[in-house]
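Trainee: Sharing a model that was predicted from the sequence below.
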Amino acid sequence: MNKRGQFFPKRSLGQNFLINPNIVERIIASCDLKPTGTVLEIGPGKGALTHSFSECSQKVIAVEKDDHLAAQLSETFKNTNVSIIHADILKYSFDELPDNIKIIGNLPYNIATPIIEKVLDCREKFRAFYMTVQLEYGQRINARPNSKSYGSFSCFVQYYADTKILFKIKNSSFQPVPKVQSCFLKLEPLKSPRHKAQDEKCLFRIIRSCFGQRRKMIENALSTIVHKEKARELLKISDIDPKLRAENISLEKYVRISNMAVKEEADGRKIFIN
């Protein structure tokens, strides 16, 4: 904010404010809010969506990091069903939140991943997570096998949640206008993974290692952390063509590889190099 009281978006906070009323309406309609429900809004900004959330929900908890915006919002929503929390969402504790709530937010690109990781870590508390993100980033989250967008983060998110891009958003819908297009994405936490890994740390270690060598055939990529002959055995037992690449392997098959590796280790056969 300058000396005249004018507010300027902070690039360091990734501030791009939604100004298109049609997109506001589409977001509200997509979130299927209930009059008895609670919404956690991440980064309410100038409150473009907050008013509508308050009209459609019993309670809104809006977490805003920016000092000026938090103060302004606190005044605007004084004595309403909206609670403005002046905090960094990455440091804000979810422990006191009620269960079965919906999260909605316009996520800055530079902290979108840690926000998603934090929400998924507490996924039992939430019914759904709706977010505005850069289109390319949303496509990565939602990507399926055999596409260039499919990667380790796709697998991580989809292990814990169903994903769906609800609609695209033109960059002209924001002020200041970002250089890229955006999308509105839904994550719906799974009560339990469809394909359960016996050791999730092992699963994601394998996935990250394979995608870290995504140009290599899966046998060679897997051999960066698993002994070569064991990598060949794991793929054979898991019925996976060793000539495929990381992007061709489904999450279900990565779970299969991981579970076989865990079983081999439990039986006393050393699988991993380190």
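Mentor: Received it, and whenever you're ready, just let me know what you need.
Trainee: buried sites along the helix or strand harbouring Arg205?
Mentor: Here Arg205 sits within helix 200-211, counting by DSSP states H and E. Of all the residues in helix 200-211, those buried under the rule 16 or more other CB atoms under 10 Å are Cys202, Leu203, Phe204, Ile206, Ile207, Arg208, Ser209, Cys210, Phe211. C-beta: built from backbone N, CA, C; applies to glycine.
Trainee: With stretch 130-145 instead?
Mentor: 130-135, 137-143, 145.
Trainee: Start and end of it, how far apart?
Mentor: Length of stretch 130-145, first residue to last, CA to CA, to the nearest Å: 23 Å.
Trainee: Which of the buried residues of stretch 130-145 sits closest to Asn106?
Mentor: Thr132 (4.2 Å; CB to CB).
Trainee: contacting residues for the closest one?
Mentor: Leu18, Ile27, Gly105, Asn106, Leu107, Ile169, Ser182, Cys183, Phe184, Leu185 (CB atoms under 8 Å, 6 or more residues apart in numbering).
Trainee: just checking, what packs against the helix or strand where the second one lies?
Mentor: The one in question is Ile27. Here Ile27, judged by DSSP H and E, is contained in helix 21-31. Helix 21-31 sits against helix 50-56, strand 101-106, strand 126-134, strand 161-169, strand 182-189, with contacts defined as 3 or more CB pairs under 8 Å, 6 or more residues apart in numbering; DSSP states H and E.
Trainee: what's the angle between it and strand 161-169?
Mentor: Taking axes from the mean of the first three to the mean of the last three CA atoms, to 10 degrees, one finds helix 21-31 and strand 161-169 inclined to each other by 160 degrees.
Trainee: Quick one: low-confidence residue ranges for the stretch 151-274 of the chain.
Mentor: Across the stretch 151-274 of the chain, nothing is flagged by pLDDT under 70.
Trainee: circling back: which of the helices and strands packed on helix 21-31 sits most buried?
Mentor: strand 101-106 (a mean of 23; mean count of other CB atoms under 10 Å).
Trainee: and it, C-alpha only, in PDB?
Mentor: Taking C-alpha atoms only, strand 101-106 is exported to PDB below (Å, rounded to 0.1, in the frame of the first residue of the first chain):
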ATOM      1  CA  ILE A 101     -15.300 -29.100   6.000                       C
ATOM      2  CA  LYS A 102     -14.500 -27.900   2.500                       C
ATOM      3  CA  ILE A 103     -11.300 -26.000   1.600                       C
ATOM      4  CA  ILE A 104     -11.300 -23.400  -1.200                       C
ATOM      5  CA  GLY A 105      -8.400 -21.300  -2.300                       C
ATOM      6  CA  ASN A 106      -6.500 -19.500  -5.000                       C
END
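Trainee: That strand pairs with which strands, parallel or anti?
Mentor: The strands that strand 101-106 pairs with in its sheet are strand 38-42 (parallel), strand 126-134 (parallel) (by DSSP bridges).
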